[in-house]
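1. below are the sequence and a predicted model for it; my questions follow.
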Amino acid sequence: MPIKELILAALLAAALPVAWANAPVAEGEPAASEVAATEPLSEEAVEPAAEEINEEEFLATLNFQQGKVVLGDNLATLNLPEQLVFLNGEEAERVLVDAWGNPPDSELPLGMILPAGVSPFSDESWAVTVEYEENGYVSDEDAADIDYAEMLEGLKEEAQENNAWRAENGYEPVELIGWAAAPHYDAQGKKLYWAKELKFGESDKVLNYNIRVLGRKGVLVLNFIAGMNQLAEIEQHVPGVLAMTEFNEGSRYADFDPDLDEVAAYGIGALIAGKLAAKVGILAGALLLLKKLWIVPVLFFGWLFRRITGKRKAESQAMAAVEPVAEPPVQPAASTLLDMNKHEEDKR
């Protein structure tokens, strides 16, 4: 049986008994479970819920763009080299959901970059999703001060701690193995890139390669979808993707106006230490669909908390000789892990 039919069968097998058990039963009528035990399934009931995608027909519906592509409402421009092509947001979502088995998002991406001449159904395929997060101007003042080795150790510890919560809630454990590519920030171009090597449960290792381009009111988010075995190929394309991606005039980092524009509540470090993999490719698509791994607790809060409180501790020690420090109020215990991950302003 094809993998998609196996996935659908597993989902139906898990969902239907619960739905039937909770259905209201009219007086005098047998329960749904009793009916299921006595009535044979019809031929329609055992047919697969979805047909296999015809690769040739699916590809014929996609418009692979080349050259210069404008993103959003004149937000940014991609100057694609001949080795790369682009799909708009709607077509990108179709590839992610219909071809690769990811769950649909509430918002469409701006688009997707793919290697030219390679079918997204091929094992050699990879992609770069392009999104925009308008959360304000991200200050890069802390970029030179971040100890990425220290950050990695903190993120590994928190990933292990979060796995207890994930196990209790039926999710596969997540192991952050290390940097597949150490973080690097181009202060002149306002571009940041890094890669994490992840492992979900007993699945193959997943490459989580990221690029962030800083703008006036937000950040362009470019995430590579590929396997660890494609790391060398991806690294060959990273310089080209970095060079071809630019905000347009009016949305550039240099266009920031402190009197008009909002400043983001986080800096460079939080961009790197944020969420784990959001989407995966062909090999891990079934795992993502079954376990809903897009619900991954954010890890950067613990690292950021230690970074901030560490600085405050040093400042308080310096002031202790001249001014007594009042005891901080005792905070109520968080009821869930997600509560602990919230900023204080989000709890009010």
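-> Yes, it's here. Numbers count the residues shown, from 1 in each chain.
2. return the backbone torsion pair for residue 159.
-> phi -60, psi -40 (degrees, to the nearest 10).
3. gap between the closest residue to it other than its chain neighbours and residue 158?
-> The shortest distance from residue 159 to any residue other than its chain neighbours is 4.5 Å, reached at residue 176 (C-beta to C-beta, 6 or more residues apart in numbering). (Each C-beta comes from the backbone N, C-alpha and C, glycine too.) Noted for residue 176: a distance of 9 Å to residue 158, by C-beta to C-beta, to the nearest Å.
4. returning to that earlier point: next, count neighbours for the residue nearest to residue 159.
-> By the measure other C-beta atoms under 10 Å, the count of residues near residue 176 is 19.
5. and the contacts of the strand or helix carrying it?
-> Element membership for residue 176, per DSSP states H and E: strand 174-186. Strand 174-186 is contacted from outside by 140, 143, 146, 148, 152, 155-156, 159, 162-163, 166, 191-200, 205, 207-209, 228, 231, 235, 242, 268, 272, 276, 293, 296, using C-beta atoms under 8 Å, 6 or more residues apart in numbering.
6. now do 7 Å
-> Contacts to strand 174-186, defined as C-beta atoms under 7 Å, 6 or more residues apart in numbering, come from residues 140, 143, 148, 152, 155-156, 159, 163, 166, 192-200, 205, 207, 209, 231, 235, 268, 272, 276, 296.
7. could you pull out the strands for the stretch 51-200 of the chain?
-> Using DSSP state E, counting those that start in this stretch, the strands of the stretch 51-200 of the chain run over 68-71, 76-79, 84-88, 111-115, 127-133, 174-186, 191-200.
8. from residue 200, how far out is residue 164?
-> 16 Å.
9. who's more crowded, these two?
-> Neighbours around residue 164 and residue 200, counted as other C-beta under 10 Å, are more numerous at residue 200. The numbers are 23 against 11.
10. I'd guessed that one sits against residue 172; true?
-> Yes. The pair residue 200 / residue 172 is scored as a contact, 5.0 Å apart, by C-beta atoms under 7 Å.
11. what subset of the contacts of strand 174-186 is buried?
-> Among the contacts of strand 174-186, those classed as buried by 16 or more other C-beta atoms under 10 Å are 140, 143, 152, 155, 159, 166, 192-200, 205, 207, 209, 231, 268, 272, 276, 296.
12. what about the helices in the stretch 1-150 of the chain?
-> Remark: helices assigned in the stretch 1-150 of the chain by DSSP state H, counting those that start in this stretch are 3-22, 32-38, 43-46, 55-60, 89-94, 148-168.
13. bridged to residue 199, which residues?
-> residue 175, residue 205 (DSSP bridges).
14. contacts only, for it.
-> Per C-beta under 7 Å, 6+ apart, neighbours of residue 199: 175, 177, 205-206.
15. list just the nearest of those to residue 127.
-> Of all the contacts of residue 199, residue 206 has the smallest distance to residue 127: 13.9 Å, by C-beta to C-beta.
16. quick revisit: can you turn the buried part of the contacts of residue 199 into a PyMOL selection?
-> Buried subset of these, written as a PyMOL selection, criterion 16+ other C-beta under 10 Å:
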select buried, resi 175+205+206
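17. okay, the contacts of residue 199 in JSON lines with pLDDT next?
-> Putting the contacts of residue 199 into JSON lines (pLDDT from 0 to 100) gives the following:
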{"residue": "175", "pLDDT": "90"}
{"residue": "177", "pLDDT": "94"}
{"residue": "205", "pLDDT": "84"}
{"residue": "206", "pLDDT": "85"}
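18. for residue 126, state which of the contacts of residue 199 is nearest.
-> Using C-beta to C-beta, these come closest to residue 126 at residue 206, 12.3 Å.
19. leaving aside the residues next to it on the chain, what's closest to that closest one?
-> Per C-beta to C-beta, 6+ apart, closest to residue 206 is residue 198, 4.6 Å.
20. I'd assumed residue 208 was in contact with the one you found.
-> Yes. In this structure, residue 198 is within contact of residue 208 by C-beta under 7 Å, at 5.5 Å.
21. for the strand holding residue 176, list every residue counted as buried.
-> 174-176, 179-181, 183, 185.
22. pretty sure residue 119 is touching residue 125, no?
-> Yes. The pair residue 119 / residue 125 is scored as a contact, 6.4 Å apart, by C-beta under 7 Å.
23. and these two? Which one has more around it.
-> Taking neighbours as other C-beta under 10 Å, residue 119 and residue 125 compare with residue 125 leading, 19 against 15.
24. many thanks, we can stop here.
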